[in-house]
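S.K.: Any chance you can model this:
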Amino acid sequence: MTRVWAPVGQTPIVAVHPQRDHVHFYGALNLCTGREIALPAPEATSALTANFLMQVLMLYPQPIFLLLDRAPWHYGEVSTLIAETDRLHVMHFPLLVPT
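M.R.: I've put the predicted structure just below:
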């Protein structure tokens, strides 16, 4: 049960949608300076991820260490960009094995 505010005597109407709303963000953090970048995206794709990484490469001239999960959009064009760029160093999160 959830409590909500409503005028006395009026039952509040709560809209329920069958699909959850979601927002995608691409983000980076400079651990030395604390500078962060966060960009909203309409969807998560390999092309948008590669585009974001190119922007990060332009902003930071030093080597970049990436922590990536194993989402499908972290492969494809992203793998090509990583292979072609010696400044990108990647560590993928480990696979979780059910116990």
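S.K.: correct me, but Ile82 touches His92?
M.R.: No - with contact defined as C-beta atoms under 8 Å, Ile82 does not reach His92; the gap is 10.9 Å. The way it works is simple: take the backbone N, C-alpha and C, and place the C-beta from them, glycine included.
S.K.: Can you name the element that comes right after the longest helix belonging to the chain?
M.R.: In the chain, assigned by DSSP state H, the helix with the most residues is helix 46-59. Once the chain leaves helix 46-59, the next helix or strand it forms, by DSSP states H and E, is strand 64-68.
S.K.: So what's the gap between that next one and the chain middle?
M.R.: 13 Å (C-alpha atoms, centre = their mean, to the nearest Å).
S.K.: can you check stretch 31-38 too?
M.R.: 15 Å.
S.K.: rewinding a little: which one of Ile82 and His92 has more residues nearby?
M.R.: Neighbour totals were compared for Ile82 and His92, and Ile82 leads with 19 against 11 (other C-beta atoms under 10 Å).
S.K.: residues touching the more buried one, list them.
M.R.: Applying C-beta atoms under 8 Å, 6 or more residues apart in numbering, we find Ile82 in contact with 66, 88, 90.
S.K.: tell me the SS of it?
M.R.: Using DSSP: H, G, I helix; E, B strand; the rest coil, the structure places Ile82 in helix.
S.K.: Grab the nearest non-local neighbour of Pro12.
M.R.: Ala6 (4.0 Å; C-beta to C-beta, 6 or more residues apart in numbering).
S.K.: Any idea how many residues pack against that neighbour?
M.R.: The burial count for Ala6: 10, using other C-beta under 10 Å.
S.K.: again with the one 10 residues further on
M.R.: By other C-beta under 10 Å, the residues close to Val16 number 4.
S.K.: do you know how far it is from Thr49?
M.R.: Using C-beta to C-beta, to the nearest Å, Val16 is found at 32 Å from Thr49.
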